[in-house]
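J.: Dropping the sequence and predicted coords here.
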Amino acid sequence: MKQKQFEAQHAGLLAEIGAILDGSQPDGRALPALYRRLCQCLALARQRGYSPVLADYLQQMVAECHQRLYASTPERPTTLVRWMLVDFPCRVRAEWRLLLFAGLALYGVAIAIALLIWSDTHWAYSFMEPRQLEKMTRMYQPEAHRLGRGGSQGDVQMFGHYIWNNVSICFRSFGAGFFGGIPALFIIALNGMHLGVVGAWLHLDPVTRPQFWSFVITHASFEMTGLLLAGTAGMRIGLSLLKPGRLSRGDALRTSAETMYPVLVGAALMTVTAAFIEAFWSASPSIPAAAKYAVGALCWAGVIGFFVFAGRGRQH
Amino acid sequence: MLDGRLSLTTPEGVRLLLTPAGPYLRAGAWAIDLACWGSLLIVLRLLMPDGRLGQGIFLTLLFLVYWGYPIICEVYFNGRTIGKRALGLQVVRSDGLPVGWRQSTLRNLLIVADFLPMAYVSGLLCMMFDSQFRRIGDIVAGTQVIYKEKPVQRAEPPAAAPLPLPFPLGPDQQRTLADLFEREASLPPERMAELGTIAEALTGHTGAESVERMRSYVAGYTQ
């Protein structure tokens, strides 16, 4: 068959498909059958040596139909809820060894440095500038307008600061974890060091001690856990690069990233929650310390309980 | 064919052809995105009221724009940020379908790894050693940056009195000849005449006369 005859014979088919693709025919139910005929047209055009322009035209139409047919996914409005309530805690539990390791890097380093400073306060100057330590002490004075802030910053301003700063650190420790998990571990240990120095410094001063602990206890439950989980997810990806097991490295990376994605989303949500608490609750000096300790203890119990118990037996 | 394109076979037995985009063009798209991103932030900063409230809102928006801009663009605008749109690039999954939230988030967070140790060195090295120009984020997320195909314009066939071929031509040879006349508008007449001289073995003539001969042959076997 000559090319002209072929084109004339299939002009109707091409027009019908074109109408569905450009939206002038809203009912696309005929597309699968039309698409199969189009695929046959393309094969014939190639095999009979019709001009490349015609073959390319059909090829492009095939690509568009393929996108239209296979890219549509069913609506799954409950995916996020299921991820957060079932997949997130289950996958965190599955990575308990790595989480324990990350936890040691954070709290272990913090406790070691705190003990060092407790034995001799001068060690604090080896980790932080005296000016910074002085500023820390000023921030937690009982008469401060808001706790944990240098001057008279507003709540919304600090909320923006915490979001930008803390959630970005989460994302960075996840992304950089690709390199064997080392950068993620480094970021976590650095935060542990900072926590140890500041905690020990403010704890050893009886004026700032109650201020500091009542400030950090509530939001730390979400912030520290969020950082640990983002770092753990990054380290899992990095480890799958080092030790892919029976998969190829590319497949191992893809699989572990897919598995760790709910953990990353959960960690980001936790850090955003922590920013809310830190800006609008923790810093307020008008809330009595006892209330802060009570709410803080509840938050810690909630976070730990969630990761121990949530989603058990509902994974499939 | 050795043309650097990726060929994916679909369940219907046809091949989808994707052309991976290299580091040079992607760096250009990145620079355009950076300019858009920066000017958006300057506008936001000027719109915000002065003082503490404005700064807080600005930092929150900075966070959303910094991490969210490429993800929102890729998910809602068919895998294309403004820079990619300007340079005709597109992000797709490695099976050729549009990217979803997961792929887009992963590839845009892993840009941190691509950036290390400085100035996207890891990403560039990864693209240079990967056969499909994927950066680290693309490999982890299972995505691919490709050229967006330009729509094909179907040309009018040559208007000439049909003539039979002096000897049979195979499908590939017929295709080559038909292609020549569909591309004729983009070639200077001198070049056409040169090609006509080269085809003397087929037509028995040289120059423009040979071209007219070939046009008649093409009309003969296409119409």
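T.: Now that the structure is in, tell me what you want to look at. Numbering: from 1, shown residues only, chains lettered A, B, ... in the order given.

J.: Which residue ranges of chain B form strands?
T.: B:6-9, B:15-18, B:89-93, B:143-147 (DSSP state E).

J.: where does chain B have low pLDDT?
T.: Along chain B, segments meeting pLDDT under 70 span B:1-2, B:155-158.

J.: And the residue nearest the centre of it?
T.: By CA atoms, centre = their mean, chain B has its centre lying nearest to residue B:147, at 1.6 Å.

J.: List the contacts of residue 54.
T.: Defaulting to chain A. By CB atoms under 8 Å, 6 or more residues apart in numbering or on different chains, the residues touching residue A:54 are A:3, A:7, A:45, B:154. Glycine gets a C-beta too; all of them are placed from N, C-alpha and C.

J.: not quite, I wanted chain B
T.: By CB under 8 Å, 6+ apart, the contact set of residue B:54 is residue B:48.

J.: hmm, try it at 10 Å
T.: Neighbouring residues of residue B:54 by CB atoms under 10 Å, 6 or more residues apart in numbering or on different chains: A:154, A:156, A:157, A:160, B:44, B:45, B:47, B:48.

J.: With adjacent residues omitted, what lies nearest to residue A:4?
T.: Counting by CB to CB, 6 or more residues apart in numbering or on different chains, residue B:223 is the residue found nearest to residue A:4 once chain neighbours are left out, at 4.4 Å.

J.: Assess the claim that the one you found and residue B:160 are in contact.
T.: Yes - counting by CB atoms under 10 Å, residue B:223 touches residue B:160, with 9.4 Å between them.

J.: more neighbours, those two?
T.: residue B:160 (17 against 14; other CB atoms under 10 Å in any protein chain shown).

J.: longest single helix anywhere in chain A?
T.: Looking across chain A with DSSP state H, the single longest helix is helix A:209-242.

J.: buried residues in the host helix or strand of residue A:276?
T.: Applying DSSP states H and E as the criterion places residue A:276 in helix A:249-277. Residues of helix A:249-277 classed as buried: A:250, A:252-257, A:259-277 (neighbour count, 16 or more other CB atoms under 10 Å in any protein chain shown).

J.: quick one, it and helix A:209-242 angle?
T.: 170 degrees (axes from the mean of the first three to the mean of the last three CA atoms, to 10 degrees).

J.: now the stretch 151-300 of chain A, which segments are flagged as low pLDDT?
T.: In the stretch 151-300 of chain A, residues with pLDDT under 70: A:151-153.

J.: List, one by one, the residues from the stretch 201-316 of chain A near chain B.
T.: A:230, A:233-234, A:237-238, A:240-241, A:249-251, A:253-258, A:260-262, A:264-265, A:268, A:272, A:275, A:279 (CB under 10 Å from any CB of the partner chain).

J.: hmm, 8 Å instead?
T.: Proximity of the stretch 201-316 of chain A to chain B (CB under 8 Å from any CB of the partner chain) is limited to residues A:237, A:250, A:253, A:254, A:257, A:258, A:261, A:264, A:265.

J.: Nearest to residue A:226 among those residues?
T.: residue A:264 (10.1 Å; CB to CB).

J.: Is the closest one in contact with residue A:233, as I believe?
T.: Yes - with contact defined as CB atoms under 8 Å, residue A:264 counts as touching residue A:233 (4.9 Å).

J.: Now do the shared contacts for those two.
T.: Contacts common to residue A:264 and residue A:233, judged by CB under 8 Å, 6+ apart, are residue A:174.

J.: Most neighbours among the contacts of residue B:54, which one?
T.: residue A:160 (25 neighbours).

J.: Next up, the contacts around it.
T.: B:55, B:56, B:57, B:58, B:59, B:60, B:62, B:63.

J.: Which parts of chain B are helices?
T.: Using DSSP H, helices in chain B cover B:23-47, B:52-76, B:82-87, B:101-109, B:111-115, B:121-129, B:136-141, B:171-182, B:189-198, B:200-203, B:207-222.

J.: and the shortest one, what does it pack onto?
T.: Here helix B:200-203 is seen to pack against helix B:207-222 when contacts are counted using 3 or more CB pairs under 8 Å, 6 or more residues apart in numbering or on different chains; DSSP states H and E.

J.: so what's residue 220 up against?
T.: Using chain A here. Applying CB under 8 Å, 6+ apart, the residues contacting residue A:220 are A:274, A:296.

J.: try chain B instead
T.: B:162, B:163, B:164, B:165 are the contacts of residue B:220 under CB under 8 Å, 6+ apart.

J.: contacts with chain A among those residues, please.
T.: Counting by CB under 8 Å from any CB, no member of those reaches chain A.

J.: circling back: of the strands of chain B, which is nearest chain A?
T.: Nearest to chain A among the strands of chain B is strand B:15-18; the distance by CB to the nearest CB comes to 5.5 Å.

J.: Okay, strands next: where are they in the stretch 101-250 of chain A?
T.: Here the stretch 101-250 of chain A has no strands by DSSP state E, counting those that start in this stretch.

J.: what comes up buried for stretch B:111-128?
T.: B:111, B:112, B:113, B:114, B:115, B:116, B:120, B:122, B:123, B:126, B:127.

J.: same deal with stretch B:126-138?
T.: Neighbour count says stretch B:126-138 has B:126, B:127, B:132, B:133, B:134, B:135, B:136, B:137, B:138 buried, by 16+ other CB under 10 Å.
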